[in-house]
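Visitor: Return atomic coordinates for the entry below.
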Amino acid sequence: MSELATIETHVLDRVMGGQNVEEGEGNIGVTAPTRRGGTVQVGVQGRGRRTRTDYAVCVDNYRQMGGEPSGLRAACGLPNGQP
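Guide: This is a model prediction of the structure:
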């Protein structure tokens, strides 16, 4: 029979809650010569948006700092899973 670990509601809300919105936009333009001696301009505009939970941001930061998998739960606020 397997044992189930319990996670308190306020811990789950803190870990999974929160919205971290990352937005970015940019423009790229190219001017190229034509056969008739003129030029043609081509432009592309883009915009992006990504939303991540506090836990996802914590995991990314922890990995970038070289954290070991064994310390991930403590670093990002998850209970250790012990009964």
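
Visitor: Distance-wise, check Val40 relative to Asn27.
Guide: The gap separating Val40 from Asn27 is 17 Å, by CB to CB, to the nearest Å. From N, CA and C alone the C-beta is placed, and that goes for glycine too.

Visitor: Repeat that for Cys76.
Guide: 36 Å.

Visitor: was I right about Val42 contacting Asn27?
Guide: No: the pair Val42 / Asn27 is not scored as a contact, 11.5 Å apart, by CB atoms under 8 Å.

Visitor: And what about Gly37, helix, strand or coil?
Guide: coil (DSSP: H, G, I helix; E, B strand; the rest coil).

Visitor: Give the burial count for it, as a bare number.
Guide: 6 (other CB atoms under 10 Å).

Visitor: now whichever strand or helix holds Leu72: mean pLDDT?
Guide: Leu72 belongs to helix 72-76 when elements are defined using DSSP states H and E. Helix 72-76 shows a mean pLDDT of 83.

Visitor: same thing with stretch 53-65?
Guide: pLDDT averaged over stretch 53-65 gives 85.

Visitor: Distance of Leu72 relative to Thr34?
Guide: Taken as CB to CB, the span from Leu72 to Thr34 is 57 Å.

Visitor: Show me which of these two is the more surrounded one.
Guide: Between Leu72 and Thr34, counted using other CB under 10 Å, Leu72 has the larger neighbour count: 14 against 8.

Visitor: Settle this for me: that one is touching Tyr62, isn't it.
Guide: Yes: Leu72 lies in contact with Tyr62 (CB under 8 Å); the separation is 6.1 Å.

Visitor: What sits closest to Gly24 if chain neighbours are left out?
Guide: The shortest distance from Gly24 to any non-neighbouring residue, by CB to CB, 6 or more residues apart in numbering, is to Gly48 (5.3 Å).

Visitor: That neighbour - how many residues pack around it?
Guide: 9.

Visitor: Quick check, pLDDT for it.
Guide: With respect to pLDDT, Gly48 has a value of 89.

Visitor: now Gln41
Guide: 90.

Visitor: Cool, thanks, talk later.
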